[in-house]
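1. fold the following, please.
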Amino acid sequence: MPPVACASPPIHRQRKTNMPYVNIKITREGATPDQKAELIRGVTRLLQDVLGKNPQTTVVVIDEVDTDNWGIGGESVTVRRKRGQ
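-> Alright, predicted model coming up:
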């Protein structure tokens with residue numbers, strides 16, 4: 001049987017022009033503006049260092065969620081915290 005010719009898959013190069021978008025979700029329990037600013041700086045720096053992303057086009061969004069709206073194991077975080085978990 002003759003060999004089957006296969007086309008090489010296209011080579012995908014990482015584009016440095018992509019705008020990274022990072023969404024951080026934390027419970028609303030008093031993260032200070034300074035702490036949130038450090039998260040934004042740190043994530044931006046991490047994407048630059050690890051993936052070579054442009055910090056000027058990196059978007060970081062922090063969503064704060066009430067513990068009543070965050071569930072683990074079928075219960076809200078509010079309920080779990082009242083039980084000491």
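
2. can you give me the strands in this structure?
-> Per DSSP state E, the chain carries strands over the ranges 21-27, 59-65, 71-72, 75-76.

3. could I get these as JSON lines with mean neighbour count?
-> C-beta here means a position set from N, CA and C on the backbone, and glycine is covered the same way. Below are those laid out as JSON lines (neighbours: other Cβ atoms under 10 Å):
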{"stretch": "strand 21-27", "mean neighbour count": "13"}
{"stretch": "strand 59-65", "mean neighbour count": "13"}
{"stretch": "strand 71-72", "mean neighbour count": "12"}
{"stretch": "strand 75-76", "mean neighbour count": "14"}
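
4. tell me which of those sits nearest to residue 47.
-> Closest approach to residue 47 among the strands of the chain (Cβ to Cβ): strand 21-27, 7.3 Å.

5. still on that earlier bit, to residue 84, which of the strands of the chain lies closest?
-> Proximity to residue 84 (Cβ to Cβ) singles out strand 75-76 among the strands of the chain, at 12.8 Å.

6. tell me which other helices or strands that closest one touches.
-> The helices and strands touching strand 75-76, judged by 3 or more Cβ pairs under 8 Å, 6 or more residues apart in numbering; DSSP states H and E, number zero.

7. what does it contact?
-> 67-70 (Cβ atoms under 8 Å, 6 or more residues apart in numbering).

8. quick one, which of those are buried?
-> residue 67 (16 or more other Cβ atoms under 10 Å).

9. in helices, which of the contacts of strand 75-76 appear?
-> Among the contacts of strand 75-76, no member falls in helices (criterion: DSSP state H).

10. now the contacts of strand 75-76 in TSV, with distance to residue 48 and pLDDT?
-> Listed next are the contacts of strand 75-76 as TSV, based on distance: Cβ to Cβ, whole Å; pLDDT from 0 to 100:
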residue	distance to residue 48	pLDDT
67	33	96
68	36	97
69	32	97
70	30	95
